[in-house]
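**Student:** structure, please.
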Amino acid sequence: MAESTDKRFKITHGSEAECFELAEKVAKELESQFKGETLLVTGESGAFEVEDKGVLIYSKKATGRLPNDGEVAKIVQGVADGMTLEEAQSVAGPPASAILEWIFGLFRAPTEH
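**Tutor:** Alright, predicted model coming up:
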């Protein structure tokens, strides 16, 4: 994962340990599955973006969350299989029901046990 500009993948991550560790994990997964090298770049706090050949394929800013395990690789594979980027992102991400459950959970009153 040496730094140069000729890498297939670019992961821009925040300076937090969680983001850096996730970036390394995603880089290893992408390099293993797709035989392309990855450039890791420290960006602004909380950042997490993944580019494939210069095309932004995942953005924490757009989704409001870090990617799930295997999600970025599923997006890359979906595009390679002929899906549009938007289709690949929707198939690879969490089911809509999980997102809605999370949103509804924000508004529920805590329950006492």
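**Student:** the helices in this structure, which residues?
**Tutor:** Using DSSP state H, the helices assigned to the chain run over residues 17-34, 60-63, 71-80, 85-92, 96-107.
**Student:** most packed of these?
**Tutor:** Greatest average neighbour count among the helices of the chain goes to helix 71-80 (a mean of 20), per mean count of other CB atoms under 10 Å. Quick note: C-beta positions are derived from backbone N, CA and C, even for glycine.
**Student:** who touches that one?
**Tutor:** By CB atoms under 8 Å, 6 or more residues apart in numbering, the surrounding residues in contact with helix 71-80 are 26, 29-30, 33-34, 50, 52, 57-58, 85, 87-89, 91-93.
**Student:** over to stretch 53-68?
**Tutor:** The contact list for stretch 53-68, computed with CB under 8 Å, 6+ apart, reads 8, 10, 18-19, 22, 26, 46-51, 71-72, 75-76, 79, 85, 88-89, 93-94.
**Student:** please repeat the previous calculation with a cut-off of 6 Å.
**Tutor:** With contacts defined as CB atoms under 6 Å, 6 or more residues apart in numbering, stretch 53-68 is touched by 22, 48, 49, 50, 72, 75.
**Student:** follow-up on the earlier one: and the helices of the chain as a markdown table, adding mean pLDDT?
**Tutor:** Shown next, in a markdown table, are the helices of the chain (pLDDT from 0 to 100):
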| stretch | mean pLDDT |
| --- | --- |
| helix 17-34 | 95 |
| helix 60-63 | 91 |
| helix 71-80 | 96 |
| helix 85-92 | 92 |
| helix 96-107 | 66 |
